[in-house]
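Visitor: sequence first, then the predicted structure, then my questions.
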Amino acid sequence: MVSTGTLLSYFKAAHPQKIFVQVLSTLDAAANMYLFFYFSLIISLLEASWAQNTPRQVVWGSVVFTRYGESVPYGLPAAGTLTPLGAQQLAGAGSAFRRRYIMPSSNPSLSLSRIQGLSVSLENSQVSVSTVSAENMVASAQAFMQGLYPPSLAVRLPSNMAEVNGSLVDCPLNGYQYPLISTYSFDDPTSAYISGNMHCPLHLAGVLNFFFTPEYKKIIEQADSFYKDLYPQLLFNVYDRSMLSLLNAPMIYEYLSYQYLHNSTARGTISSADIGQARHLANQWAHATSRGEDNILGRNGLLAIGGKTLAHMVLHALRDNEATKGASNKLSLIFGGHESMMAFINVAVSP
């Protein structure tokens, strides 16, 4: 298990100024609101070289953790599948990272962000893609890769056409580039590095202890009143009344947000302020149940177990990149849920 601070302390102690951690949030322009924890965490291994007192940044490798895109919420048919909007979100995120790490010449401000030696066409030996076997997470990885490495003909790259009986044959869809996506079932121990909080009894015990804290008592009255008012408006016959609690705040927010975006009747029933309040409660729940410090909720920072296991995966990728002098793990992409992302931030970024 990676202890709190290991990820940063390792590089800060051995390689000052070599690690760079950045959190990017993605604004959903269509809804004019932030999607629930839809952002990417970027950890880059840098090398600052000096020539004639002029600093030059070199990016050797990067790890990117991205939350899955908009999905059909629990309570509706096909729950857990990526929506067309979600696919566009992830394809757009992939395109943004292509402009940052692969083709930054079109944007002079990103000219120092290109990863050294990263091919403009997909080479699976340079890029690792990992996720768990949830349908929306696998689909999110696929959509992201479509933006990161679009069909070769679409971006005017040298084609991988092969001669067959005197004719040139290309891959379908104008030279589609096929990524290798490592997908781990929740029965596979490797999945714990991406979703370490899943099926962890000590993490669950810490979460349940939240109900006995002053913080919970402070917000529960407001939450209960809010959910009670919403129940007959939009949640009736979708969720049992007993499910309307802070414990399910993220699920309720995702349902309300989905309906507000895609259902004109819902927009006449609830307001953007209601969506904002639902998001606020979901954020409070997510933060409170992913803390890295020891407290009444869990000893040894067990609420942040998902962040600690993710830190192990990140550290392994960066160490491998460093050990091979940037030859391997140039770009490590991980797709998961908000739980591990929030826990990682609490472990590695927060003071």
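Guide: Nice, I can see it. Residues are numbered from 1 along each chain as shown.
Visitor: buried residues in the top helix by length along the chain, which are they?
Guide: For the chain, the longest helix by residue count, based on DSSP state H, is helix 305-323. Of all the residues in helix 305-323, those buried under the rule 16 or more other Cβ atoms under 10 Å are 305-315, 317-318, 321-322. (Each C-beta comes from the backbone N, C-alpha and C, glycine too.)
Visitor: wait, what's in contact with the residue nearest to residue 331 when sequence neighbours are not counted?
Guide: Of all residues not flanking residue 331 in the chain, residue 127 sits nearest, at 4.8 Å (Cβ to Cβ, 6 or more residues apart in numbering). Counting by Cβ atoms under 8 Å, 6 or more residues apart in numbering, residue 127 touches 118, 179, 330, 331, 332, 333.
Visitor: same question for residue 235.
Guide: Residue 235 sits next to 227, 244, 252, 255 when contact means Cβ under 8 Å, 6+ apart.
Visitor: on that earlier part again, so which elements touch the longest helix of the chain?
Guide: On a contact count with 3 or more Cβ pairs under 8 Å, 6 or more residues apart in numbering; DSSP states H and E, helix 305-323 meets helix 6-14, strand 33-51, strand 54-67, helix 201-209, strand 331-336, helix 338-344.
Visitor: now the fourth one, how far from the centre of its chain.
Guide: Between the mean C-alpha point of helix 201-209 and the mean C-alpha point of its chain there is a distance of 23 Å (Cα atoms, centre = their mean, to the nearest Å).
Visitor: which other helices and strands does it contact?
Guide: Other helices and strands packing on helix 201-209, by 3+ Cβ pairs under 8 Å, 6+ apart, are helix 305-323.
Visitor: give me the mean pLDDT for the helix it packs on.
Guide: Average pLDDT, helix 305-323: 88.
Visitor: now the host helix or strand of residue 260, how far from the chain's geometric center?
Guide: Element membership of residue 260 [criterion: DSSP states H and E] is helix 249-262. Chain-centre distance of helix 249-262: 18 Å, with Cα atoms, centre = their mean.
Visitor: so what's residue 289 up against?
Guide: Shown in contact with residue 289 (Cβ under 8 Å, 6+ apart): 206, 207, 210, 297, 303, 339.
Visitor: domain map for the chain?
Guide: Using automatic domain parsing, the domains assigned to the chain come out as 6-195+317-349, 198-289.
Visitor: lowest average pLDDT across those?
Guide: domain 6-195+317-349 (a mean of 77).
Visitor: about what we covered before: which of the contacts of residue 235 has the most neighbours?
Guide: Neighbour counts for the contacts of residue 235 peak at residue 252, which has 29 neighbours (criterion: other Cβ atoms under 10 Å).
Visitor: ok, now which ones touch that residue?
Guide: Applying Cβ under 8 Å, 6+ apart to residue 252 gives the contacts 227, 235, 239, 244, 278, 281, 282.
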